[in-house]
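Undergrad: any chance you can model this:
(2 chains)
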2 protein chains.
Amino acid sequence: MPDVHRPHVVVIGAGFGGTRVVRALRDADVRITLVDRHNFHTFQPLLYQVATAGLDVGDVTFPVRTLLRRHRSASFVMGTVTAVDLAAQTVTVDHGLTLAYDFLVVAAGSVSHSFGVPGVDEHALALKDVDDAVLLRNRLIGDLERASRGVLRGEPRPELGIVVVGGGPTGVETAGGMRELLDKVLAKDYPELALEHLPITVVEAGSRLLAAFDTRSSHSAAEALRGRGIDVRLDAGVDHVEEHSVHLRDGSKLDAGLVVWAAGVAASPLAAAVGTELQRGRLRVEANLSLPGHPNVFAVGDIAAVPGADGAPLPQVAQPAIQAGRHVAGEIVAAIAGRPGTPFRYHDKGSMATIGRNQAVVEFPNGMRFHGWIGWVLWLGLHILYLMGFRNRASTLVNWSWNYLTYDRGARVLARTIADRPD
Amino acid sequence: MPDVHRPHVVVIGAGFGGTRVVRALRDADVRITLVDRHNFHTFQPLLYQVATAGLDVGDVTFPVRTLLRRHRSASFVMGTVTAVDLAAQTVTVDHGLTLAYDFLVVAAGSVSHSFGVPGVDEHALALKDVDDAVLLRNRLIGDLERASRGVLRGEPRPELGIVVVGGGPTGVETAGGMRELLDKVLAKDYPELALEHLPITVVEAGSRLLAAFDTRSSHSAAEALRGRGIDVRLDAGVDHVEEHSVHLRDGSKLDAGLVVWAAGVAASPLAAAVGTELQRGRLRVEANLSLPGHPNVFAVGDIAAVPGADGAPLPQVAQPAIQAGRHVAGEIVAAIAGRPGTPFRYHDKGSMATIGRNQAVVEFPNGMRFHGWIGWVLWLGLHILYLMGFRNRASTLVNWSWNYLTYDRGARVLARTIADRPD
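TA: Numbers count the residues shown, from 1 in each chain, chains lettered A, B, ... in the order given. Predicted coordinates:
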């Protein structure tokens, strides 16, 4: 049984940051309560694979309670945090549960953000969690089944093109994955729809794809996408989105059956609810990742504005969250022992993005860059290495080997997994 | 392009019967249209594994369009058949599509049937398709998360026991699978709920489990279930079902968090819509499986009353459907060639059911019977052999090996796979 005299650490969010805090506190003399609205951890970098039918939901998710089994004194609450009271040191979860904490780690992540562009919320699909990914996949396949029936009734084929807004890793990987899914798999499934030449467009507001990468990687990615027949529009801001079209600021209009919004994320609304200072919507943190004036409260991951070497906030991706989670666990142990805090230092491990079969860009912080097939093999290996838990790794290997050898995708059944979450 | 001068075969249903007709007509000089409301084939014998988190949806489903790729002149329509006009030789699919046929195969299967027991439709969960299986799994895990939150709020644990109504293979396998899931996996995930001794009850109206098996197998199954702490109630008719209880005809009441209705199935409502003679709700067929008075229309699988060697209709399981499908394909080829029809003869290949880890009953028609570990290994091998397609086999092997070695179950994330079927 948990000892009520040991310090109680409450962790909000079971993403890369929150789970790393819990893991790194395994041998610490604390009680831990992890809160998340899902009962699973999501391996977000591979969500686009679920959306493009390369992997199944079980391959990119991992039950939280299994992660906690190795911890004698960690428990899980499935629920949404509705309030944080820094003065009373309590966290309120929906369904009337209040948790008193000695230490709090806010790791609630980020949400897809429309940046106020009209029509995005109504007509575009995000790719931020597993539900989004499955909805995207089901919407695409459902549209094709509808179009197929229409063709049998003698109607013309509707517009089925895909517009992906956002040229970051998610946008690039989704566009590349969709191209392969359409050309290698769905074109064979729906010969009546002639999907080989279906237009796919990537719309990027900036002057290059993969802005966080070296410019040579950006050019290589754009070249690779164009070589696969994907229209890449740079310096192209979106004015508004309608049901089957994207309208750009220069007045041009892109027709689309499906609009994917991968243009950016914003910190979880919980950041504002915490009540401390924000920086571009993210929680401003001290050098040791605690909140200003609250040495027992920390923020890690997408919800925190953690300054990098150049002073700008670190990107909202997995590595900063993982490293910050590990650091905060050390800070909590130090605080209990009465030792002073130490500043967090981020170690850049590089960046990568895949364009599709045999094609990826990988950059290491020492300046080494890999493109093409070697980059792709590196990308594969590193992603499998980071996938949590043996089962997901093995199943992912099976799925990817199958996809690679046969150009097939297994995960494209339109199953209606009825929601019955306890909320 | 399909040749409009070749005979058009319309097949309703992509289950074991319908897909076998299509497969066996691969080299025939016909056009085929397969109609199903799902875009995938379901391996129904393993649905209970999805319900008990042993397998994921992708392991027991297979996209119909992939099955059809090998067939030059087969197409697929996703939709529900709303009418069959035997005089006009047309099939009407929802969404305003009418298909004219030269040959029709009705293979629409069966649905879960409450047999008029009050409360079943409202309060019990069926296990007839993938949606049912996922709902069952999500309901169980959702109930546990709710109960866990309640315990944290200081409330008593609610009733979480499971009642399975029906002692056929589905009921026996579901009860055994639930016992393992609870004791080996969920008990560790929810130590606060003490799930090891959660009551699981199998309620069977007849005098023995597995009525289609040898009596010795029935006794062996009942013994194995009881040895695992499952309460087996024989000669126990259900009077009515309420939200959290099952009321038996003898006046006794079983409290339950979850009621699974595996007491039986009835032919698809399409049987009555066809308009020919029915036998216990199933389509009566001639010796060659054609409908009386309609030599170009056939019925196979659960929707057809196909007489076995003893004159009684064959059981509504996979083998009769598969064999009938193969026979009907031959009948269609014969009719086109002007040859007379031949009567269908069923070859009993035996029966099997698993009670759980290391425990199954397998009967061969020559009288050989296997119980315990040997039966279980046979059951495993034969199911993997019959799973359609390499991908499902490999993924199932990975999942099962993992489950066996670690006593873990991967497929228990509460993902809300939002419905977006084109209907």
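Undergrad: what's the domain layout of chain A?
TA: A:8-37+A:79-112+A:266-336, A:120-263+A:358-406 (automatic domain parsing).
Undergrad: contacting residues for the spatially most central residue of chain A?
TA: Nearest to the mean C-alpha position of chain A, counting by Cα atoms, centre = their mean, stands A:Q44 at 3.6 Å. If a contact means Cβ atoms under 8 Å, 6 or more residues apart in numbering or on different chains, then A:Q44 has A:15-16, A:128-129, A:318 as its contacts. The C-beta positions use only the backbone N, C-alpha and C, and glycine is treated the same way.
Undergrad: phi, psi for it please.
TA: Dihedral pair for A:Q44: phi -60, psi -30, per degrees, to the nearest 10.
Undergrad: ok, back up a step: out of the domains of chain A, the one nearest B:T90 is which?
TA: Proximity to B:T90, assessed across the domains of chain A by Cβ to Cβ, is greatest for domain A:120-263+A:358-406 (13.8 Å).
Undergrad: now the closest one: mean pLDDT?
TA: Average pLDDT, domain A:120-263+A:358-406: 89.
Undergrad: and if you look at stretch A:79-95?
TA: 96.
Undergrad: next up, the contacts around A:G330.
TA: Counting by Cβ under 8 Å, 6+ apart, A:G330 has contacts A:24, A:342.
Undergrad: the residue of chain A most remote from its centre and chain B, how far apart?
TA: Most distant from the centre of chain A: A:G154, at 41.0 Å, with distances by Cα atoms, centre = their mean. A:G154 sits 10 Å away from chain B when distances are taken as Cβ to the nearest Cβ, to the nearest Å.
Undergrad: what's the answer for A:G177, then?
TA: Applying Cβ to the nearest Cβ to A:G177 and chain B gives a distance of 17 Å.
Undergrad: was I right about that residue contacting A:Q49?
TA: Yes - contact criterion Cβ atoms under 8 Å: A:G177 and A:Q49 qualify, at 6.7 Å.
Undergrad: okay, the two: which has more neighbours?
TA: A:Q49 (26 against 22; other Cβ atoms under 10 Å in any protein chain shown).
Undergrad: and the more buried one, how far from chain B?
TA: Distance from A:Q49 to chain B, by Cβ to the nearest Cβ: 13 Å.
Undergrad: looks like that residue contacts A:V57 (just checking).
TA: No - contact criterion Cβ under 8 Å: A:Q49 and A:V57 do not qualify, at 10.7 Å.
Undergrad: now do the strands in the stretch 201-350 of chain A.
TA: A:230-233, A:238-242, A:245-248, A:253-255, A:258-261, A:265-267, A:278-279, A:282-284, A:290-291, A:294-299, A:304-305 (DSSP state E, counting those that start in this stretch).
Undergrad: right, and these - which one's nearest chain B?
TA: Closest of those to chain B is strand A:258-261, at 11.3 Å (criterion: Cβ to the nearest Cβ).
Undergrad: tally of neighbours for whichever residue of the stretch 151-300 of chain A sits closest to chain B?
TA: Ranking the residues of the stretch 151-300 of chain A by distance to chain B (Cβ to the nearest Cβ) places A:D189 first, at 3.8 Å. Close neighbours of A:D189, defined as other Cβ under 10 Å, add up to 24.
Undergrad: and for A:K253?
TA: Around A:K253 there are 11 residues (other Cβ under 10 Å).
Undergrad: residue numbers of the stretch 101-250 of chain A in contact with chain B?
TA: Within the stretch 101-250 of chain A, the positions adjacent to chain B are A:130-131, A:134-135, A:138-139, A:141-143, A:145-146, A:148-149, A:152-153, A:188-190, A:192 by Cβ under 8 Å from any Cβ of the partner chain.
Undergrad: put the buried members of those residues into a ChimeraX selection.
TA: Applying 16 or more other Cβ atoms under 10 Å in any protein chain shown to these leaves a buried subset, and the ChimeraX line that selects it is:
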select /A:130,131,134,135,138,139,141,142,143,145,146,148,149,152,188,189,190
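Undergrad: show only the entries of the residues of the stretch 101-250 of chain A next to chain B found in helices.
TA: Using DSSP state H, the members of those that fall in helices are A:130-131, A:134-135, A:138-139, A:141-143, A:145-146, A:148-149, A:152, A:188-189.
Undergrad: of the residues you listed, which pair is most distant in space?
TA: A:V130 and A:L152, at 33.1 Å, using Cβ to Cβ across those.
Undergrad: contacting residues for A:D231?
TA: A:199-202.
Undergrad: most neighbours of all the residues you listed, which one?
TA: Neighbour max across these (other Cβ under 10 Å) = A:V202, 28 neighbours.
Undergrad: contacting residues for that residue?
TA: A:164, A:166-167, A:171-172, A:175, A:209, A:225, A:230-233.
Undergrad: now swap in A:Y190 and tell me
TA: A:144, A:147-148, B:65.
Undergrad: report the buried members of the residues you listed.
TA: A:144, A:147-148, B:65.
Undergrad: tell me where chain A has helices.
TA: A:16-24, A:47-51, A:64-68, A:120-123, A:130-152, A:169-180, A:187-189, A:215-227, A:270-274, A:318-336, A:372-386, A:390-406.
Undergrad: which residues does the third one contact?
TA: By Cβ under 8 Å, 6+ apart, the surrounding residues in contact with helix A:64-68 are A:14, A:19, A:22-23, A:34, A:36, A:38-41, A:74-76, A:388-389, B:189-190, B:408.
Undergrad: now it: how far from the chain's centre is it?
TA: 20 Å (Cα atoms, centre = their mean, to the nearest Å).
Undergrad: contacting residues for A:T342?
TA: A:T342 neighbours (Cβ under 8 Å, 6+ apart): A:288, A:330-331, A:334.
Undergrad: same question for A:R157.
TA: Here A:R157 is in contact with A:147, A:150-151, A:193-194 (Cβ under 8 Å, 6+ apart).
Undergrad: for PyMOL, write the selection for the buried entries among those residues.
TA: This is the PyMOL syntax for the buried subset of those, where burial follows 16+ other Cβ under 10 Å:
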select buried, chain A and resi 147+150+151+193
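Undergrad: what is the neighbour count of A:D132?
TA: 19.
Undergrad: what's the neighbour count on the closest residue to it other than its chain neighbours?
TA: Distance criterion Cβ to Cβ, 6 or more residues apart in numbering or on different chains; nearest residue to A:D132, sequence neighbours excluded, is A:A126 at 5.0 Å. Counted with other Cβ under 10 Å, residues neighbouring A:A126 total 22.
Undergrad: wait, A:A126 touches A:S112, no?
TA: Yes - using Cβ under 8 Å, A:A126 makes contact with A:S112 at a distance of 3.6 Å.
Undergrad: overlap in contacts, these two.
TA: With Cβ under 8 Å, 6+ apart, A:A126 and A:S112 have common neighbours A:132, A:261.
Undergrad: surely A:S110 meets A:S268?
TA: Yes - here A:S110 reaches A:S268: they are 6.0 Å apart, a contact under Cβ under 8 Å.
Undergrad: do you know how far the nearest residue in space to A:G171 that is not next to it in sequence is from A:H383?
TA: Using Cβ to Cβ, 6+ apart and skipping residues adjacent in sequence, the residue nearest A:G171 is A:A262, 4.0 Å away. From A:A262 across to A:H383, the span is 18 Å (Cβ to Cβ, to the nearest Å).
Undergrad: neighbour count winner among these two?
TA: Neighbour tally, A:A262 and A:H383, criterion other Cβ under 10 Å: the higher count belongs to A:A262, 27 against 18.
Undergrad: the more buried one touches A:T174, doesn't it?
TA: Yes - counting by Cβ under 8 Å, A:T174 is a contact partner of A:A262 at 6.1 Å.
Undergrad: what's the overlap in contacts for those two?
TA: A:127, A:164.
Undergrad: re earlier: list residues touching both of A:S110 and A:S268?
TA: A:302-303.
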